[in-house]
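Trainee: need a 3D model of the sequence below.
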Amino acid sequence: MKEYLWPFKPDGYTSVARYLTVNGAQDTIDFLIRVFGAKSLRMIPGSEGKIAHGEVGIDDTVVTLTDAMEGWPAIPSHVHIYVTDVDVVF
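Mentor: You can find the predicted model right below:
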């Protein structure tokens, strides 16, 4: 097995990451924090107040996302999130 100078993925990250390209990344992040108790992990600002790269942690999962930009349009997607009490979350 090849040895690397640094880990191939950050500690606590899964081998497969969800990456969302959305309109309104900050609104999506705020929603994930408010509804699912996500923790903001990393934010790289883009131009015009957009987010070039953002990461939030929900339980044992990191969700990465970016604002749609020229050449990178928003992509419809679905994300399934398991919660302990759906009625409370709803």
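Trainee: who are the packing partners of the lowest-mean-pLDDT helix or strand in the chain?
Mentor: Ranking every helix and strand in the chain by mean pLDDT, DSSP states H and E puts helix 86-89 at the bottom, with a mean of 90. In terms of contacts (3 or more C-beta pairs under 8 Å, 6 or more residues apart in numbering; DSSP states H and E), helix 86-89 is not packed against any helix or strand. Backbone N, C-alpha and C define where each C-beta goes, glycine included.
Trainee: roughly how far is it from the heart of the chain?
Mentor: In terms of C-alpha atoms, centre = their mean, to the nearest Å, the gap separating the centre of helix 86-89 from the centre of its chain is 21 Å.
Trainee: contacts for it next, please.
Mentor: For helix 86-89, the external contacting residues (C-beta atoms under 8 Å, 6 or more residues apart in numbering) are Val35, Phe36, Val83.
Trainee: swap in stretch 10-24?
Mentor: Applying C-beta under 8 Å, 6+ apart, the set of residues contacting stretch 10-24 from outside is 9, 28, 57, 60-68, 72-75, 77, 79.
Trainee: and Lys9, how close does it get to Val16?
Mentor: When distances are taken as C-beta to C-beta, to the nearest Å, Lys9 and Val16 turn out to be 10 Å apart.
Trainee: likewise for Gly24?
Mentor: From Gly24 over to Val16 (counting by C-beta to C-beta), the distance is 25 Å.
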